[in-house]
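Colleague: Next input, structure requested:
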Amino acid sequence: MCMKSEYSILHLLIPGPRSPRNDIDIYLQPLIDEVKLLWDSRVETYDASRNQNFQMWATLMWTINDFPAYVMLSGWSTKGKFACPCCNYGTNSRYVKHSQKMCYMDHRVFLPMDHPWRSKKDLSMEKLNLGLLHLS
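Modeller: As a prediction, this is how the structure comes out:
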């Protein structure tokens, strides 16, 4: 009974070599519709351990994905000036013109306060002249 299509749940989506890009919603829409239904109108569900029914709500709490999938799901770009999804518009980045790349500073803020790298003065951005910095 549990293997019938009406009892299956889409729980893993691996697009393969031909990614759906912006059309990912076509694959996720059935899942979203079902979760919304389960949240809005509770479903009577049988608990085999207690031998009784209960009202169940369901929700999608999180997704686990890599950065390319994060771009498809959220619409937030993980490239360029605001690449950090945690910092968003507060991303501290500068363009290094000679290497034509973005340089991301303040990445040490995520380290614990007592971490030795937090106090390394030779890693501070004040000492770097980004106009002359060349990354190979």
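
Colleague: what's the weakest-modelled helix or strand in the protein?
Modeller: Using mean pLDDT, DSSP states H and E, helix 67-74 stands out as the lowest-scoring helix or strand of the chain, at a mean of 78.

Colleague: Counting neighbours, which bits of that one end up buried?
Modeller: Residues 69, 71-72 are the ones in helix 67-74 that count as buried (16 or more other Cβ atoms under 10 Å). Quick note: C-beta positions are derived from backbone N, CA and C, even for glycine.

Colleague: Could I get the full set of strands for this protein?
Modeller: 43-47, 52-56, 93-96, 101-104 (DSSP state E).

Colleague: mind checking which of the ones you listed is nearest Asn65?
Modeller: Nearest to Asn65, of all the strands of the chain, is strand 101-104, at 20.7 Å by Cβ to Cβ.

Colleague: strand partners of that closest one, parallel vs antiparallel please.
Modeller: strand 93-96 (antiparallel) (DSSP bridges).

Colleague: How about the contacts made by the residue nearest in space to the middle of the chain?
Modeller: Centroid check for the chain by Cα atoms, centre = their mean gives Tyr70 as the closest residue, at 4.5 Å. Under the criterion of Cβ atoms under 8 Å, 6 or more residues apart in numbering, the neighbours of Tyr70 are 76, 78, 85.

Colleague: contacting residues for the last one?
Modeller: The neighbourhood of Pro85, defined by Cβ under 8 Å, 6+ apart, consists of 70, 74, 76, 78.

Colleague: per-residue confidence at Asn51?
Modeller: In this model, Asn51 is scored at 94, pLDDT.

Colleague: That one - how many residues pack around it?
Modeller: Asn51 has 7 neighbours, counted by other Cβ atoms under 10 Å.

Colleague: Please apply the same query to the one 4 residues further on.
Modeller: Under the neighbour criterion other Cβ under 10 Å, Gln55 is assigned a count of 9.
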